[in-house]
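Asker: Fold the following for me, if possible:
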Amino acid sequence: MDNANDEIEMEVVEPEDAESDMEPDSDNDEDADGEPGTTKTPKQVYLPGKTLAEDEELVCDESAYVMLHQASTGAPCLSFDIVPDELGTGRESFPMTAYIVAGTQAARTHVNNLIVMKMSNLHKTQDGDDDELDDEELEDDQDDVADKSELKKPQMTCALIKHQGCVNRVRARRMGNNVFAASWSELGRVNIWNLSQQLQAVEDAQLLKQYEQQSASNETRPVFTFSGHQQEGFAIDWSPSAEGVLATGDCRRDIHIWSPLEDGTWKVDQRPLVGHTASVEDLQWSPNERSVLASCSVDKTIRIWDCRAAPQKACMLTCENAHESDINVISWNHTEPFIASGGDDGFLHIWDLRQFKTQKPIATFKHHTDHITTVEWNPSEATVLASGGDDDQIALWDLAVEQDADQAPAPAQNDEELNKLPPQLLFIHQGQKEIKELHWHAQLPGVLLSTAHSGFNIFRTISV
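Answerer: Residues are numbered from 1 along each chain as shown. Predicted structure coming up:
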């Protein structure tokens, strides 16, 4: 991306490795009358890890998606967050609009940015009857058809903020009439940014041009910076129930709690929470209790904290050896007392906080074949969650699904492989390389956004 402020077009994609029908490309296939070369072998479901024959290729089955788009921003954005908008909740009509803030990890430290993006005109991947043009219209005016096709092209508009150092992680929070983003820099600083100006700029071409001219000579400054961490970090989370409260954790082992002040700045408790013995990888505030925080670490523990207590006594519960190796991510269920965790061991564990002292998860899934780097519960479906990782897969799960004894047998050619899959596994999405983060869009039911070294995907499957 030569000029990162330019408007970028997103295109509907058919990921080479998406959950797909597998269609061999063979010259020896026969049609129903026995004529060679006119039909192909029936499509099969591809399962990750399966070896393809020389005459086989993966083709995305678009019928498995309600919507599927991809976008690229030049330098990879390995962390992002969805910006809460004021367009309403429960939006299921097309075209859709989504706002995100992402942080780059460019090769050169001094050329990194936070990118505020507006993704708009997001249409269904496969048009329904309501969207199709009838035959008469196609015949009467081909130019009009071309114009309508152009109108249905997804768009992405970006406003950039120069950022010192790669963005390790970024999280957004709406407070009053403003949206703030907290970013972890590889330089060991945590910055707070007011995104109001950038969000206005992506709405209007003239405002965006003015913003670009202004930012070229006058860089946007963070409204607050904390340099008290002893090392860089990745763990960061805004409290969903206490406005302006933030928690940050670093690679040393320290967690600091931030509290907002009336003058628009923050007071950061210089005393770190005492408990972890290695890098804090992720943090999650309780969705219901204002003072309760969960954390996970390279020390293989998950800890639950009550931040009202003194830092030395704040740790209420500890699950030792929760994973076989580093624990990378956790997610707190929005309505049930469950926490999901994923680690370098590839395990996805589900923990019931009412049984946390038993040190045993209530469910464990070993589907991923490499590090799990992201996990998140669906905000509106209490039993549904998504996980992703370095095996280039995003898996959608529904814990409410049980094995059906009367279920029809799987196709013969995939019998063994399909029967090994847990019944709770709803869907496997592929097509991105080294997946780093995913988020459900709380205002667009069933819509997932994900980022990887190969760019962004925004999609909704027929499964959720």
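Asker: which residues does Leu122 bridge with?
Answerer: Following DSSP bridges, Leu122 is listed with bridge partners Met96.
Asker: how much space is there between it and Val202?
Answerer: The gap separating Leu122 from Val202 is 15 Å, by C-beta to C-beta, to the nearest Å. C-beta here means a position set from N, CA and C on the backbone, and glycine is covered the same way.
Asker: same thing with Phe365?
Answerer: Spatial separation of Phe365 from Val202 under the definition C-beta to C-beta is 38 Å.
Asker: residue boundaries of the strands in the stretch 151-300 of the chain?
Answerer: With DSSP state E, counting those that start in this stretch, the ranges of strands along the stretch 151-300 of the chain come out as 155-163, 167-175, 178-185, 190-194, 224-226, 233-238, 246-250, 255-260, 266-268, 280-285, 292-297.
Asker: out of those strands, nearest to Tyr211?
Answerer: For Tyr211, the closest of the strands of the stretch 151-300 of the chain is strand 155-163, at 5.8 Å, according to C-beta to C-beta.
Asker: who touches the closest one?
Answerer: Contact with strand 155-163 is made by 4-10, 71, 73, 103-104, 112-121, 183, 185, 191, 193, 197-199, 201-202, 208, 211-212, 215, 219-220, as judged by C-beta atoms under 8 Å, 6 or more residues apart in numbering.
Asker: Return it as CSV; C-alpha atoms alone will do.
Answerer: Coordinates of the C-alpha atoms in strand 155-163 are reproduced here as CSV (Å, rounded to 0.1, in the frame of the first residue of the first chain):
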residue,chain,number,x,y,z
GLN,A,155,-15.2,-0.5,0.1
MET,A,156,-12.6,0.3,2.8
THR,A,157,-11.7,3.8,3.9
CYS,A,158,-8.7,4.4,6.2
ALA,A,159,-7.5,7.1,8.5
LEU,A,160,-4.0,6.6,9.9
ILE,A,161,-2.3,7.6,13.2
LYS,A,162,1.5,7.4,13.4
HIS,A,163,2.5,5.0,16.1
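Asker: Give the pairing partners of it; include direction for each.
Answerer: Taking DSSP bridges as the criterion, strand 155-163 forms sheet pairs with strand 8-9 (antiparallel), strand 112-122 (antiparallel).
Asker: pLDDT averaged over that strand - what is it?
Answerer: Rounded to a whole number, the mean pLDDT of strand 155-163 is 96.
Asker: Just say which of the strands paired with strand 155-163 is most tucked in.
Answerer: Highest mean neighbour count of the strands paired with strand 155-163: strand 112-122, a mean of 23 (counted as mean count of other C-beta atoms under 10 Å).
Asker: wait, which of the strands of the stretch 151-300 of the chain is closest to Arg91?
Answerer: Put simply, out of the strands of the stretch 151-300 of the chain the one that sits nearest Arg91 is strand 167-175, at 16.5 Å, with distance taken as C-beta to C-beta.
Asker: buried ones in the closest one?
Answerer: Taking 16 or more other C-beta atoms under 10 Å as the neighbour-count basis, strand 167-175 is seen to contain the buried residues 167-173.
Asker: now stretch 327-341
Answerer: Neighbour counts over stretch 327-341 (16+ other C-beta under 10 Å) mark 327-334, 338-341 as buried.
Asker: now do stretch 156-163
Answerer: Counting neighbours by 16+ other C-beta under 10 Å, one finds that the buried residues in stretch 156-163 are 156-161, 163.
Asker: I'd like to know which of these is nearest to Arg253.
Answerer: Ranked by distance to Arg253 (C-beta to C-beta), the buried residues of stretch 156-163 are led by His163 at 25.2 Å.
Asker: that older thread, a markdown table please, covering the buried residues of stretch 156-163 and showing distance to Ala382.
Answerer: Supplementary listing: these in a markdown table, determined by distance: C-beta to C-beta, whole Å:
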| residue | distance to Ala382 |
| --- | --- |
| Met156 | 32 |
| Thr157 | 35 |
| Cys158 | 35 |
| Ala159 | 36 |
| Leu160 | 37 |
| Ile161 | 36 |
| His163 | 36 |
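Asker: No further queries at this time; thank you.
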